[in-house]
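Q: I need the structure of the sequence given here:
(one chain, ligands or ions: 2)
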Amino acid sequence: MIYHEPPTRAMRSLVRGEGSGSAPAGMTFEEMREYIRSYDVVRRRDGGTCQSCGKPHLEAPHLRLWIKDQTESLCAAHNLELLCPACCRRRARLAAASITGFDPDVVFSREDMRCVYCLEKAEQLVARVDNADRDDPDDWACCCQTCSKRRGSMSHDKYIAQCHDKARELWTHLREEVMRGA
Ligand SMILES: [Zn+2]
Ligand SMILES: [Zn+2]
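A: Ligands and ions are numbered 1, 2, ... in the order given. Predicted coordinates for the structure are as follows:
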C-alpha cells in the first residue's frame, strides 16, 4: 500500500459502533480507527490542498493520502500527506520507477502509448518477455488490459505470432470478400 483512499461513511459508522461490516483488507479495526483520526488531522493540517500541485478545496473522493515512509506506521498523521489523484498517480509511477530502475512513462512514450499486440492506445504496462528483467526498459512493452488477459501465460513471442496469424487470416478473408464482390 502506498496511499489510502479517504475513509468511507461506512468505515466511520463502523468505528462509531454503528452499522455492520469489517475494516478494509490489510487493516485491523484499531488501525482503521487510527487511520480515520489521522485522516481528519491531515485534512485540517494540509487545508484540503494537494501538497504537490497546490490544488485547493479537495473533498473526498477527490483526494488521496500518500504514505511518506513505508517502513513507518501506515496510519499515523505525521506519515501521511494530502494529494490530488493526478499527483498521486504521478508519484506512484515514480515510486515504481525507483523499484524497476526505469520510468514506465519512458516506455509508454517509446511505444507511442500503443499496445504492442492490438496496436490500440493503451495505458497498462506489462512485461514483454516471460521472465522480465525488471531493470531493463527493453524488457517492457505497452500492453492493453484486454491483450494482457488474452495472452495469459503464453510467452510474448508465441502470442505476437498468434496476433500476426490472426491479422493474416483477416487479411485473406477481406481479400476474398473483395474478390467475391468484384
Ligand atoms: Zn496535485
Ligand atoms: Zn491490446
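
Q: count of neighbours near Arg151?
A: Look at Arg151: counted by other CB atoms under 10 Å, it has 18 neighbours. Bear in mind the C-beta positions are built from the backbone N, C-alpha and C, glycine included.

Q: where does it land on pLDDT?
A: pLDDT, Arg151: 87.

Q: in this structure it contacts Tyr159, no?
A: Yes. The criterion here is CB atoms under 8 Å, and Arg151 meets it with Tyr159 at 4.5 Å.

Q: quick one: mean pLDDT over the host helix or strand of Trp66.
A: Applying DSSP states H and E as the criterion places Trp66 in strand 64-67. Averaged over strand 64-67, pLDDT sits at 92.

Q: pairing partners for that strand, with directions?
A: When pairing is defined by DSSP bridges, strand 64-67 lines up against strand 3-4 (antiparallel), strand 80-83 (antiparallel).

Q: show the average pLDDT along the longest one.
A: This points to strand 80-83. Strand 80-83 comes out at a mean pLDDT of 94.

Q: hmm, it touching ligand 1?
A: No. Using CB under 5 Å from the ion, strand 80-83 never reaches ligand 1; the gap is at least 5.7 Å.

Q: show residues contacting that strand.
A: Residues external to strand 80-83 that are found in contact with it (CB atoms under 8 Å, 6 or more residues apart in numbering): 3-4, 38-39, 42-43, 46, 48-52, 58, 63-68, 91.

Q: return the most buried member of the strands paired with strand 64-67.
A: strand 80-83 (a mean of 24; mean count of other CB atoms under 10 Å).

Q: in PDB, list the C-alpha atoms belonging to that one.
A: The C-alpha trace of strand 80-83 is given here as PDB (Å, rounded to 0.1, in the frame of the first residue of the first chain):
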ATOM      1  CA  LEU A  80       0.600  11.000   5.700                       C
ATOM      2  CA  GLU A  81       0.300  13.700   3.100                       C
ATOM      3  CA  LEU A  82      -2.700  15.000   1.100                       C
ATOM      4  CA  LEU A  83      -2.500  14.600  -2.700                       C
END
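
Q: could you point out which element follows that strand?
A: helix 85-100.
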